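1. sequence plus the predicted model coming up.
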Amino acid sequence: MTLIALLTDFGLRDTYVGQMKLVIAGIAPDARVIDLGHGVEPQQVAEGAWLLETAMPYLPEGAIVVAVVDPGVGTERRPVAVRCAGRIFIGPDNGLLSGALPSELRRAAVPGGSPVVVPPAVEARVIDVSRFALSEVSATFHGRDVFAPAAAHLARGTAFESLGPTAEELVLLPPFEAAQLPGGRLRGEVVHVDRYGNLITTVRASQLPSRFRARVAGSDPIEFARTFADVARGEALCHVDSSGYLAVAVREGSAAERFRAGIGTPVEVEAT
């Protein structure tokens with residue numbers, strides 16, 4: 001049984017996710033479909049790539065991931081499939097699939113995304129829409145009409161090499177990490193705001209000094225705590241999130257509301 005995981009910015013209010021699942025069921029009824037998540041902020045490609053990256057350690061070998069955050073849907077951006085580390089990733093060639101690829105490969109990319117040559121360890125294909133999409137392809141819903149069918153055909157046994165011609169380059173985003181500032185400080189930004197209002201940043205745990213505090217957009221310093229329970233209710237803290245990145249939280253409250261922050265808000269770290 002092949003596992004297909006779905007990651008989108010579609011939300012659950014509409015039937016978009018359900019339509020994708022119906023298409024998959026019609027082509028590959030034995031495939032197991034998992035909702036990795038549909039709460040990516042609309043059109044936030046970098047957030048989707050980050051969420052994909054943080055899910056990578058838990059994807060079983062052989063899994064197929066369909067990722068759709070696609071503000072350029074219907075344009076000349078390519079529909080691609082990427083095979084890496086024993087898994088397959090399907091989506092738009094706009095940087096979204098960066099999270100599936102090693103940081104070393106992405107260091108050649110520039111902020112906002114840029115084409116990077118695909119190394120031998122990674123195989124990429126441009127999906128042949130004439131063969132692996134639905135018979136009618138809308139200009140605005142390639143998640144249903146292109147990406148879901150391609151994944152389903154793979155789950156049913158189609159060879160990866162048959163999906164289409166080789167893609168020599170992929171649009172990738174740089175690695176998610178903080179910039180080094182004078183005085184040993186780090187500067188990152190909020191990349192994801194979770195349901196609790198926690199501000200999860202691009203500052204990797206591996207970059208943090210042994211003792212530190214954080215500031216959100218020039219706020220007063222926020223002290224480190226290992227768990228939420230280490231501070232009083234309503235108090236702000238910074239901590240290493242389960243994703244392996246620095247996060248700013250408010251115990252039993254919302255850091256996003258407290259600091260009026262969202263995706264892209266700068267966060268600085270200073271050693272103490």
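-> Nice, I can see it.
2. only C-alpha atoms for contact and neighbour calcs from this point on.
-> Noted.
3. got a pLDDT number for the closest residue in space to R125 that isn't next to it in sequence?
-> Computed as CA to CA, 6 or more residues apart in numbering, the closest residue to R125 that is not its neighbour in sequence is T166, at 4.5 Å. Model confidence at T166, given as pLDDT, is 98.
4. how many neighbours does T166 have?
-> 17 (other CA atoms under 10 Å).
5. correct me if wrong: it contacts V122.
-> No. With contact defined as CA atoms under 8 Å, T166 does not count as touching V122 (10.9 Å).
6. okay, which residue is most central for the chain?
-> Residue closest to the average C-alpha location in the chain (CA atoms, centre = their mean): A49, at 2.4 Å.
7. list the contacts for that one?
-> By CA atoms under 8 Å, 6 or more residues apart in numbering, A49 lies in contact with 95-100.
8. by neighbours, which of these wins?
-> L97 (31 neighbours).
9. give me the phi and psi angles of the closest residue to F10 other than its chain neighbours.
-> Counting by CA to CA, 6+ apart, the nearest residue to F10 once its immediate chain neighbours are dropped is H38, at 5.6 Å. Dihedral pair for H38: phi -130, psi 20, per degrees, to the nearest 10.
10. quick one on the thing from earlier: the residue nearest to the centre of the chain: what secondary structure?
-> Following DSSP: H, G, I helix; E, B strand; the rest coil, we place A49 in the helix state.
11. next one, pLDDT for it please.
-> Model confidence at A49 (pLDDT) stands at 98.
12. please apply the same query to R185.
-> For R185, the model assigns a pLDDT of 95.
13. contacting residues around it?
-> R185 neighbours (CA under 8 Å, 6+ apart): 268-271.
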